[in-house]
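Enquirer: predicted coordinates and the sequence they were generated for:
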Amino acid sequence: MSLTIKHLNSDASFLLTFQPIPCCPPCPDQQANSFKILLDPWLSGPSKVLNSRFSIVRHKFDACVRSLNELDEVDLVVISQSKSDHCHKETLTQLPRTGGKTLILAEPAAAKLIRGWNYFAPEKVITLPKFEESRPCKRSAIYRIPIPSAYRDGRPGEVTIASLAQKADLTRLHSAIGITYLPPVDEQVHEMTPPAAPSSSISHTTGDRALSLIHAPHGISYKTLRPYARSHLIPQEAFPLTALLHCFHRIQNSWYLGGNICSGLPGGIEVAQKLRAQVWISAHDGEKDVRGLANRNLVVQRFEREEVEKEVSPRGDKFPNSSGTEAVVLGVGEEMYLVHLPGNDDEYKRSYIGCTPIHVGIGENVAAGFRKNVARAQPHNLKCYNPRNSLVQQHLLC
């Protein structure tokens, strides 16, 4: 199974494409079995808080698409918080009012805001309740979406979505969305595996685990994520974490205007370490034109990718018992392609598709259990980049 993460803007908008069968990288005509999730879309226009005098933010660089209509229809749009750079009315109202398969899942304040626009049909907007660890008399607040198998005797897959919010956070900025993806199992794999014991939940296939992702653009404490990891990621066989979308830069405002805005590298190290994230992708760190009274005292502490890598790479001493985390910065329109290799729960093959002339670098990651493949190509020249065209690259798929 595979996950493609595409950065749509220079902020926190990502397109996630999950697929049960790896194709390297996936081509436009090979998306039939994919499940697509759009995170916090903000494609054009400013983001305001109250009014433009108080706070107004604009992109310095255009998003890779100007409208949601330029994207293939997605299964879900997930909104992590109600601030306008995450819950952007001009962008979201490009979606159809009714019909289609796309649903909007939003944390409570964002869902209330969206319903207040009186634009979407009621059934299109779903509130994600705050996650709480499940107890004997109470189920955890996890939104589950079954994925039917293409085969009559196949097992269904499942996507789960959870909204996590940090306690005592007056700004409501330090929140996260947790996502897991378990692919459907086709007929052939089903026949080769022994019958599963009766269970009330979707069973997992031997040698296959769920992919998992945390989207925390402003950062979130590990203390907030720990119950989710303990009661959901581990039982779902979605641990270690596949990808962490989290800010690199630390942003501080005056205490009366919220204090910490983005926790950045200092706040993300423990999350990456404890969840054993395979990759940490920069989110909410792009250059923006920030103006208004609320932004006059902002202090930004910037951390480059190399600084993050130094802290979370296998060469660091903060990961004595794990293979470390790869730090990644995706430009606008760039995407990262992750393939889980069956037979090794911690083994992934990685590719990057970007905007520079084709260059392929291949080598073993110092972390045991990881293999790495980097490719950058002009999007207009990229019809279907297939590592099987290279004997060396083909070896990485074995």
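Expert: Looks like it arrived, so ask away.

Enquirer: tell me where the stretch 151-300 of the chain has strands.
Expert: Along the stretch 151-300 of the chain, counting by DSSP state E, counting those that start in this stretch, strands occupy 157-165, 175-182, 211-216, 243-246, 250-252, 260-262, 279-282, 288-291, 299-301.

Enquirer: residue 271: which of the ones you listed is closest?
Expert: strand 243-246 (6.5 Å; C-beta to C-beta). C-betas here are computed from N, CA, C, even on glycine.

Enquirer: dump that closest one to PDB, restricted to CA.
Expert: Only the C-alpha atoms of strand 243-246 are listed here, as PDB (Å, rounded to 0.1, in the frame of the first residue of the first chain):
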ATOM      1  CA  ALA A 243       4.000  10.700   8.500                       C
ATOM      2  CA  LEU A 244       3.900  13.700  10.700                       C
ATOM      3  CA  LEU A 245       2.800  17.000   9.200                       C
ATOM      4  CA  HIS A 246       4.100  19.600  11.700                       C
END
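
Enquirer: run through who's touching the helix of greatest length in the chain.
Expert: When the chain is parsed with DSSP state H, its longest helix is helix 264-275. Residues outside helix 264-275 that contact it (C-beta atoms under 8 Å, 6 or more residues apart in numbering): 214, 216, 219-222, 225-226, 229, 233, 239-241, 244, 246-251, 277, 280, 301, 303, 307-308, 311-312, 318-319, 322, 325.

Enquirer: hang on, the earlier thing: and the strands of the stretch 151-300 of the chain, which one is worst for confidence?
Expert: Across the strands of the stretch 151-300 of the chain, strand 288-291 has the smallest mean pLDDT, namely a mean of 79.

Enquirer: can you list the strands that it pairs with?
Expert: On the basis of DSSP bridges, the sheet neighbours of strand 288-291 come out as strand 55-59 (antiparallel).

Enquirer: buried residues, the partner strand. List them.
Expert: 55-57, 59 (16 or more other C-beta atoms under 10 Å).

Enquirer: nearest to residue 256 among those residues?
Expert: Set against residue 256, the nearest of the buried residues of strand 55-59 by C-beta to C-beta is residue 55 (14.1 Å).

Enquirer: on that earlier part again, rebuild the strands of the stretch 151-300 of the chain as TSV, extending it with distance to residue 71 and mean neighbour count.
Expert: Below are these laid out as TSV (distance: least, C-beta to C-beta, whole Å; neighbours: other C-beta atoms under 10 Å):
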stretch	distance to residue 71	mean neighbour count
strand 157-165	18	22
strand 175-182	18	26
strand 211-216	18	26
strand 243-246	18	28
strand 250-252	29	20
strand 260-262	27	23
strand 279-282	19	24
strand 288-291	22	15
strand 299-301	31	12
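
Enquirer: TSV for the ones you listed, including distance to residue 150?
Expert: As requested, those are exported to TSV (distance: least, C-beta to C-beta, whole Å):
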stretch	distance to residue 150
strand 157-165	11
strand 175-182	15
strand 211-216	19
strand 243-246	26
strand 250-252	45
strand 260-262	42
strand 279-282	29
strand 288-291	43
strand 299-301	48
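
Enquirer: out of the ones you listed, which is closest to residue 90?
Expert: Shortest distance between residue 90 and those, using C-beta to C-beta, is found for strand 288-291: 16.1 Å.

Enquirer: just the buried residues of strand 55-59 now: which is nearest residue 116?
Expert: Of the buried residues of strand 55-59, the one sitting nearest to residue 116 (C-beta to C-beta) turns out to be residue 55, at 19.9 Å.

Enquirer: do I have it right that the closest one meets residue 48?
Expert: Yes - counting by C-beta atoms under 8 Å, residue 55 sits close enough to residue 48 to count as a contact (6.5 Å).

Enquirer: find the nearest non-adjacent residue to residue 126, please.
Expert: Ranked by C-beta to C-beta, 6 or more residues apart in numbering and with sequence neighbours excluded, the top spatial neighbour of residue 126 is residue 105, at 5.1 Å.

Enquirer: now the one you found, which residues is it bridged with?
Expert: So, taking DSSP bridges as the rule, residue 105 has residue 78, residue 126 as bridge partners.

Enquirer: next one: residue 337
Expert: Beta-bridge partners recorded for residue 337 (DSSP bridges): residue 4, residue 351.

Enquirer: so it makes contact with residue 4?
Expert: Yes - assessed by C-beta under 8 Å, residue 337 is found in contact with residue 4 at 5.0 Å.

Enquirer: of those two, who's got more company?
Expert: The neighbour comparison of residue 337 against residue 4 (other C-beta atoms under 10 Å) goes to residue 337, with 26 against 21.

Enquirer: what ranges in the stretch 251-398 of the chain fall below the confidence cut-off?
Expert: Residues of the stretch 251-398 of the chain meeting the criterion pLDDT under 70: 314-323, 341-398.

Enquirer: what is the burial count for residue 107?
Expert: Neighbour count of residue 107, defined by other C-beta under 10 Å: 25.

Enquirer: surely it and residue 83 touch.
Expert: No - checked against C-beta under 8 Å, the pair residue 107 and residue 83 is beyond contact range at 10.9 Å.

Enquirer: sorry, back to before: could you export the longest helix of the chain as CSV, CA atoms only?
Expert: C-alpha atoms of helix 264-275 as CSV (Å, rounded to 0.1, in the frame of the first residue of the first chain):
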residue,chain,number,x,y,z
GLY,A,264,8.0,24.3,15.8
LEU,A,265,11.0,22.0,16.2
PRO,A,266,11.2,22.4,20.0
GLY,A,267,7.7,21.1,20.4
GLY,A,268,7.8,18.5,17.7
ILE,A,269,10.9,16.6,18.7
GLU,A,270,9.1,14.6,21.4
VAL,A,271,6.1,13.9,19.1
ALA,A,272,8.4,12.5,16.4
GLN,A,273,10.5,10.5,18.9
LYS,A,274,7.7,8.9,20.9
LEU,A,275,5.5,8.2,17.8
